[in-house]
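need a structure here:
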Amino acid sequence: MRVWSTVHQFREPWEQVTVAHWIKYPNPLSRHVLTADTLERRVDPETGCMHSTRLMKKTNRKPQWMSRFMGESNAFVVEKSVLDPQARTFTTFTKNVTLTSWMTVEETCVYAVSDENPEWTSCKTTARVTSPVRIGDVVENFGIERFKANSEKAKQAVMHALDKLRLGSVSFMEGADPVAPPSSGSLPPKP
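A predicted model of the protein is given here:
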């Protein structure tokens with residue numbers, strides 16, 4: 001098993017960063033994410049927490065040596081999240097549901113008001129990569145390095161969405177309909 005963790009400070013309020021999370025796909029900086037479909041969203045009437053489940057389809061580029069064993073395919077990832085407006089935390093749990101016979105990647109992101117500045121948002125990301133195959137160390141090392149690169153793309157995607165929000169070129173409802181049914185393919189580009 002390989003574990004990696006990082007913390008990033010967004011210099012934007014928590015409310016804006018959480019909205020940016022929902023509208024970050026599609027975007028030109030994360031072309032590896034093909035679709036992001038909301039499967040379920042509900043608010044717990046007792047806690048006020050919003051629980052969501054999304055399914056994402058991502059490209060699955062691999063080194064040539066790995067492609068010989070796995071072939072070319074896309075990966076599907078489930079993201080479960082809990083947004084707690086009282087505590088001002090937003091936690092996402094993401095895990096691949098395909099290609100698990102080779103590798104499982106589990107990610108946890110916790111967005112919270114920054115301790116450094118109450119007008120900023122801290123995002124702590126932790127990834128755990130495991131592989132059941134004989135050459136598991138090689139696969140896990142590949143997985144964690146790929147995760148690091150994609151984590152940077154995800155951060156850039158949130159920043160891109162924040163820029164769009166700041167410029168008024170997209171609203172929450174235009175960027176991601178929270179109750180939209182799953183699409184049959186890629187999400188269409190927004191006008």
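
give me the below-cutoff pLDDT ranges for the chain.
Low-confidence segments of the chain (pLDDT under 70): 60-72, 170-191.

what about the strands in it?
2-10, 33-43, 50-59, 74-84, 89-96, 104-113, 121-130 (DSSP state E).

any chance of these in TSV, plus mean neighbour count?
Backbone N, C-alpha and C define where each C-beta goes, glycine included. TSV is the format used below for the strands of the chain (neighbours: other C-beta atoms under 10 Å):
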stretch	mean neighbour count
strand 2-10	14
strand 33-43	16
strand 50-59	17
strand 74-84	17
strand 89-96	18
strand 104-113	18
strand 121-130	20
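
reformat these as TSV; add distance to N150.
Shown next, in TSV, are these (distance: least, C-beta to C-beta, whole Å):
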stretch	distance to N150
strand 2-10	12
strand 33-43	9
strand 50-59	9
strand 74-84	11
strand 89-96	11
strand 104-113	9
strand 121-130	9
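
for these, which one sits closest to F147?
strand 121-130 (4.7 Å; C-beta to C-beta).

endpoints of stretch 94-112, how far apart?
Length of stretch 94-112, first residue to last, C-alpha to C-alpha, to the nearest Å: 18 Å.

actually, stretch 8-20.
End-to-end distance for stretch 8-20: 15 Å, by C-alpha to C-alpha.

can you pull the buried residues of that stretch?
H8, F10, E12, P13, W14, Q16, V17, T18, V19, A20 (16 or more other C-beta atoms under 10 Å).

tell me which two in these are the farthest apart.
H8 and V19 (17.0 Å).

may I see the buried residues of stretch 8-20 organised as JSON lines, with distance to N117 added?
Output for those, formatted as JSON lines (distance: C-beta to C-beta, whole Å):
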{"residue": "H8", "distance to N117": "14"}
{"residue": "F10", "distance to N117": "10"}
{"residue": "E12", "distance to N117": "10"}
{"residue": "P13", "distance to N117": "10"}
{"residue": "W14", "distance to N117": "11"}
{"residue": "Q16", "distance to N117": "14"}
{"residue": "V17", "distance to N117": "13"}
{"residue": "T18", "distance to N117": "17"}
{"residue": "V19", "distance to N117": "19"}
{"residue": "A20", "distance to N117": "17"}
